[in-house]
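J.: Got a predicted model here, sequence first, then my questions.
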Amino acid sequence: MPSTRRRFLKTGATLAAGGAAIGGRLAWGFPSPAAVVPPLSTFKYSEVQLLEGLLREQFDHNHNLFLHLDEDALLKPFRQRQGMAAPGPDMGGWYDNADDFSPPEHFHAFIPGHSFGQYLSGLARAYAVTGSKPTQEKIHRLVRGFAETVEPSGKFYVDYHLPAYTYDKTSCGLIDAHEFAQCPDALDVHWRATQAVLPFLPEKALSRAEQRARPHKSVADTWDETYTLPENFFLAHQRSGNSRYRDLAVRFIEQDYFGPLAEGKNVLPGEHAYSHVNALSSAMQSYLVLGDEKYLRAARNGLQMVQDQSYATGGWGPDEAFVEPGKGLLDASLGTTHASFETPCGAYGHFKITRYLLRVTRDSRYGDSMERVLYNTIAGATPILSDGTTFYYSDYNHDGSKVHYRDKWPCCSGTFPQLTADYGISSYYKSDDGLYVNLFVPSRLSWSQNNTQCTLTQRTDYPRRNTTQFEFALDRPETFTVYLRIPAWAGSNTMLAVNGRRITGTIEPGKFLAIKREWKDGDRAELELDMPLRLEPIDEQNRDNVALLYGPVALFAIGNIPERITRKNLLAASPVSSSSTDWSTQTDNGALTFRPFSVIMSERYRVYNRVSG
C-alpha cells in the first residue's frame with residue numbers, strides 16, 4: 001500500500017541517511033565541489049529580469065499557464081499506477097495513464113506523467129526569477145503529492161516504456177525544486193525516486209540500436225534515453241553531496257558515443273537528434289566533475305558536427321534524426337518532411353550545451369549559435385494552449401507552414417517553460433574581472449561588483465533594429481571589464497560608443513569586445529552592429545539552394561514565389577518600411593516578400609530558394 005505522509009517522512013529520512021552512508025561521505029545540504037571550475041558562471045535567476053518584449057511575453061505565458069494547471073491532474077498518472085485514489089481530470093495526450101497506446105498511429109498515453117518533472121522544473125526556475133509565493137507554494141504541494149506515490153518497489157515503472165526518460169525529467173524537477181524553490185523534501189524524494197527506478201534501468205547506457213537488439217514487448221521500449229542520465233546524476237551529486245549519484249553518472253556515460261566524438265569521428269548519422277544533443281550536456285558534466293578533457297572534446301566536436309548539418313535557422317534533425325553528411329540529404333529533406341526541427345526540445349538542448357561550452361571556453365561562436373536558434377526557431381513557436389496543444393516542429397519544407405502537434409502535452413510542452421525561464425541566465429555571464437553580454441535582449445541585470453551594487457539595463461529592439469543600448473547604475477564607481485559579443489557575421493561598420501564618444505580600436509567579428517574602464521552611475525554605452533545581407537546554401541552539394549539572412553535572422557519568402565530568382569535579386573532585398581518587419585525585392589516576375597519566422601502566422605512560407613545567376 002502507498003505510504004502515508006508520516007511513513008514518507010520517516011522512510012525518506014532513513015533512505016537519505018542510508019544513501020549518504022552507502023554512497024558518499026557527505027550528507028544532504030553539503031554540495032560536492034567540481035573538479036573543473038569554468039572561467040564564466042551564470043548569474044542567479046533573480047539577478048536577470050526580462051523587460052517588455054517577445055521573450056518576456058513567452059516567459060509570462062508559460063509561467064501563468066503552468067501555475068494554474070490542475071494539481072490532481074498532474075499527479076493523476078502517478079497515483080493511478082500506484083493504486084491510489086486519483087481524483088481530477090485526465091490531462092490528455094501523451095500524459096495520460098491508459099492502455100490504448102498503439103504506435104505509430106495512436107500516441108495517447110504514450111508516456112504517463114512523462115513531463116511532470118519538467119513542469120516542476122519550469123515552475124521552480126520561474127519562482128527563482130519572480131519570487132512568486134503562489135508559485136513556490138504550488139511547487140511544494142506538487143513535491144509532497146508526488147512523494148506519496150513513490151515506493152522503493154518502483155511499481156510506477158512496471159510495464160513502462162521509457163523509465164530512464166521519465167525519471168531523468170523527474171530528477172531535474174526535484175533538483176530544481178530544492179535548489180531554486182527551497183523545497184525541504186525534494187532531495188529526500190529524489191533519492192527515493194532514484195531507488196524506485198534503478199531496478200528498471202539497464203546495466204549501462206544503451207543506444208537505440210542496442211535496445212532494438214534486446215528482447216522488448218513494444219517498439220516504444222527501444223526509444224529510452226539512458227545516455228542522457230549522467231547530467232542530472234552529476235547535478236544531484238553536486239547538490240546533495242551523495243557520491244552514489246556520481247557512481248550512477250559514471251555508470252551511464254555512453255563511452256561508445258563520447259569516445260569517437262572526442263577523436264573527431266562523426267557517429268551522429270541516424271541517431272535521434274534531440275536526445276543526442278542533450279547527451280552532450282552529460283559530456284560537459286562529465287568533464288566538469290571528473291576533469292577528463294576527453295569529454296570536453298566530445299562535446300565541442302559533437303556540437304560542431306551538429307552545426308555542420310544545421311539549417312540556416314540554426315535548427316537541425318529532420319524527422320528527429322541526423323543525416324549522413326556529404327550526400328545532400330539536408331537538401332532532400334526540404335521535399336520529404338514537414339518535421340524539420342523539434343523546436344522547444346531542440347532549442348532547450350541547444351541552449352544548454354552552448355551555455356556549458358561558452359562558460360568553459362569563452363568562445364563567442366556559442367553565443368552566435370544560441371541567438372540564431374533563438375530568433376529563427378523558438379521565438380516563432382506559438383504559445384502552449386491550456387489544453388496542452390503545443391507547437392512542436394518547425395517546418396522548412398518547400399511548402400512550409402506553422403501547425404500544432406497532433407497530440408496534447410508532448411515532450412515540447414515540458415522543455416518550453418524551462419527554456420523561457422532560462423532566457424535571462426543565457427544572456428549574461430560573470431567572470432573574475434567583470435561580465436559578459438551574450439544576448440542582446442531587453443533586460444535588466446543586477447549584481448554585486450567588488451561589494452558595489454550595480455545595475456545594467458539593456459534596451460533594444462534587436463534584431464529588428466541593429467542597435468542596443470546599455471545604461472549603468474552603480475552605488476559608487478567601479479573598475480571592471482564588460483565583454484560584448486560581436487557576432488561573426490558583423491560587418492566592418494560595427495561601432496561602439498560610450499557616453500556618446502566612439503571607442504577607437506579594432507572591433508573583431510567572432511570575438512568578445514572587452515571594454516575595461518571605471519564605470520560610473522549614469523554611464524551609457526551603445527553598440528551598433530553592421531548587419532549585412534548574405535546567402536547561405538543548404539549544403540555543399542546544393543550551393544544554389546540558399547537562404548537569405550539579415551544578421552542572425554533568416555528571412556522566409558511568403559506569398560507568390562517566382563520560378564526564377566537570382567542571387568542579385570535576394571541580395572537587393574530591403575525593409576518595406578521602418579514600421580514593418582517585412583522585406584521585399586524585385587524579380588523578373590514581380591515583387592517577392594520576406595518575413596522573419598517570429599512574426600509568421602498562418603501564411604505559407606519557404607526559407608530556401610533555388611537561385612540562378
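T.: Happy to help now that I have it. Numbers count the residues shown, from 1 in each chain.
J.: Residue 343: neighbour count?
T.: Other residues near residue 343 come to 28 when the count uses other Cβ atoms under 10 Å. C-beta coordinates here come from the backbone N, C-alpha and C atoms, glycine included.
J.: Helix, strand, or coil at the residue lying closest to residue 460 once chain neighbours are set aside?
T.: The shortest distance from residue 460 to any residue other than its chain neighbours is 3.6 Å, reached at residue 468 (Cβ to Cβ, 6 or more residues apart in numbering). For residue 468, the reduced secondary structure class is strand; criterion used: DSSP: H, G, I helix; E, B strand; the rest coil.
J.: How about the contacts made by residue 95?
T.: 77, 111-115, 388, 408-409 (Cβ atoms under 8 Å, 6 or more residues apart in numbering).
J.: close enough to count as contact, residue 269 and residue 323?
T.: Yes. Between residue 269 and residue 323 there is a contact at 6.2 Å, judged by Cβ atoms under 8 Å.
J.: Neighbour count: those two, which is higher?
T.: Applying other Cβ under 10 Å to residue 269 and residue 323 shows that residue 323 carries more neighbours, namely 22 against 14.
J.: ok, which stretches of the stretch 101-250 of the chain are helices?
T.: 116-130, 133-147, 163-181, 186-197, 208-213, 229-240, 243-251 (DSSP state H, counting those that start in this stretch).
J.: what's the closest of those to residue 441?
T.: helix 116-130 (13.9 Å; Cβ to Cβ).
J.: Output the contacting helices and strands for the closest one.
T.: The contact analysis (3 or more Cβ pairs under 8 Å, 6 or more residues apart in numbering; DSSP states H and E) places helix 116-130 against helix 54-67, helix 71-81, helix 133-147, helix 163-181, helix 412-427.
J.: Would you indicate which residues of that helix are buried?
T.: Of the residues in helix 116-130, those buried by neighbour count under the rule 16 or more other Cβ atoms under 10 Å are 116-130.
J.: got a list of what the nearest residue to residue 174 once chain neighbours are set aside touches?
T.: Excluding its sequence neighbours, the residue lying closest to residue 174 (Cβ to Cβ, 6+ apart) is residue 190, at 4.2 Å. When the contact criterion is Cβ under 8 Å, 6+ apart, the partners of residue 190 are 171, 174-175, 178, 236, 240.
J.: Which one (most neighbours) among those?
T.: Counting neighbours by other Cβ under 10 Å, residue 174 leads those with 31 neighbours.
J.: contacting residues around it?
T.: Contact analysis of residue 174 by Cβ under 8 Å, 6+ apart lists 117, 120, 143, 183, 186-187, 189-190, 193.
J.: let's see it at 10 Å
T.: Taking Cβ atoms under 10 Å, 6 or more residues apart in numbering as the definition of contact, the neighbours of residue 174 are 117, 120-121, 124, 143, 146-147, 183, 185-194, 232, 236, 239.
J.: in this structure, which residue is closest to the centre?
T.: Taking Cα atoms, centre = their mean, the centroid of the chain lies closest to residue 348, which sits 1.3 Å from it.
J.: helix/strand/coil for that one?
T.: Using three-state DSSP as the criterion, the local structure at residue 348 reads helix.
J.: so where is the stretch 301-450 of the chain shaky, pLDDT-wise?
T.: Per-residue confidence of the stretch 301-450 of the chain (counting by pLDDT under 70) places no residue in a weak region.
J.: Apologies, that question was intended for the chain.
T.: Low-confidence regions of the chain, defined by pLDDT under 70, span residues 1-30.
J.: What's the separation between the residue nearest to the centre of the chain and residue 530?
T.: In this structure, residue 348 and residue 530 are 31 Å apart, going by Cβ to Cβ, to the nearest Å.
J.: With residue 416 instead?
T.: Counting by Cβ to Cβ, the gap from residue 416 to residue 530 is 33 Å.
J.: of these two, who's got more company?
T.: residue 416 (30 against 16).
J.: which residue sits closest to residue 275, ignoring its sequence neighbours?
T.: Counting by Cβ to Cβ, 6+ apart, residue 225 is the residue found nearest to residue 275 once chain neighbours are left out, at 4.6 Å.
J.: Is residue 555 in a helix, a strand, or coil?
T.: strand.
J.: what separates it from residue 586, distance-wise?
T.: Where residue 586 is concerned, residue 555 sits at a distance of 15 Å (Cβ to Cβ).
J.: Residue 551 now?
T.: Distance check for residue 551 against residue 586: by Cβ to Cβ, it reads 22 Å.
J.: Neighbour count: these two, which is higher?
T.: When neighbours are counted by other Cβ under 10 Å, residue 551 and residue 586 differ, and residue 551 comes out ahead with 21 against 11.
J.: How about the backbone phi and psi for that one?
T.: For residue 551, the backbone dihedrals (degrees, to the nearest 10) come out as phi 60, psi -130.
J.: show me the contacts for it.
T.: When contacts are counted by Cβ under 10 Å, 6+ apart, residue 551 is found next to 371-372, 375, 462-464, 466, 487, 489-491, 529-534.
J.: start to end distance for stretch 388-405?
T.: One end of stretch 388-405 to the other measures 10 Å (Cα to Cα, to the nearest Å).
J.: buried stuff in it?
T.: For stretch 388-405, using 16+ other Cβ under 10 Å, the buried residues are 388-397, 400, 402, 405.
J.: Stretch 88-98 now?
T.: Of the residues in stretch 88-98, those buried under the neighbour-count criterion (16+ other Cβ under 10 Å) are 90-97.
J.: Pipe those residues into JSON lines and attach secondary structure and distance to residue 568 per row.
T.: Formatted as JSON lines, the buried residues of stretch 88-98 follow (DSSP: H, G, I helix; E, B strand; the rest coil; distance: Cβ to Cβ, whole Å):
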{"residue": "90", "secondary structure": "coil", "distance to residue 568": "57"}
{"residue": "91", "secondary structure": "coil", "distance to residue 568": "53"}
{"residue": "92", "secondary structure": "coil", "distance to residue 568": "51"}
{"residue": "93", "secondary structure": "helix", "distance to residue 568": "48"}
{"residue": "94", "secondary structure": "helix", "distance to residue 568": "48"}
{"residue": "95", "secondary structure": "helix", "distance to residue 568": "52"}
{"residue": "96", "secondary structure": "coil", "distance to residue 568": "55"}
{"residue": "97", "secondary structure": "coil", "distance to residue 568": "59"}
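J.: which residue sits closest to the residue nearest to the centre of the chain in space, ignoring its chain neighbours?
T.: Distances taken as Cβ to Cβ, 6+ apart put residue 415 closest to residue 348, at 3.9 Å, once the chain neighbours are dropped.
J.: residues touching that neighbour, list them.
T.: 115, 118, 121-122, 169, 274, 278, 342-349, 351-352, 378.
J.: Buried subset of those as a ChimeraX selection?
T.: A single ChimeraX command selects the buried members of these (16+ other Cβ under 10 Å):
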select :115,118,121,122,169,274,278,342,343,344,345,346,347,348,349,351,352,378
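J.: just to revisit the earlier point, what is in contact with residue 269 and residue 323 at once?
T.: Here residue 269 and residue 323 have 309, 329 as joint contacts, going by Cβ under 10 Å, 6+ apart.
J.: part of a strand, is residue 319?
T.: No. The assignment for residue 319, made by three-state DSSP, is helix rather than a strand.
J.: what about it, distance to residue 108?
T.: Counting by Cβ to Cβ, the gap between residue 319 and residue 108 amounts to 22 Å.
J.: more neighbours, these two?
T.: Comparing residue 319 with residue 108 by neighbour count (other Cβ under 10 Å), the higher total belongs to residue 108, at 17 against 14.
J.: To which secondary structure element type does the nearest residue to residue 546 once chain neighbours are set aside belong?
T.: Taking Cβ to Cβ, 6+ apart as the measure, residue 546 lies nearest to residue 535, with 4.3 Å between them; neighbours along the chain are not counted. For residue 535, the secondary-structure state derived from three-state DSSP is strand.
J.: what sits against residue 535?
T.: Contacts of residue 535 were listed using Cβ under 10 Å, 6+ apart, and they are 312, 543, 546-549, 567, 570-571, 609, 611.
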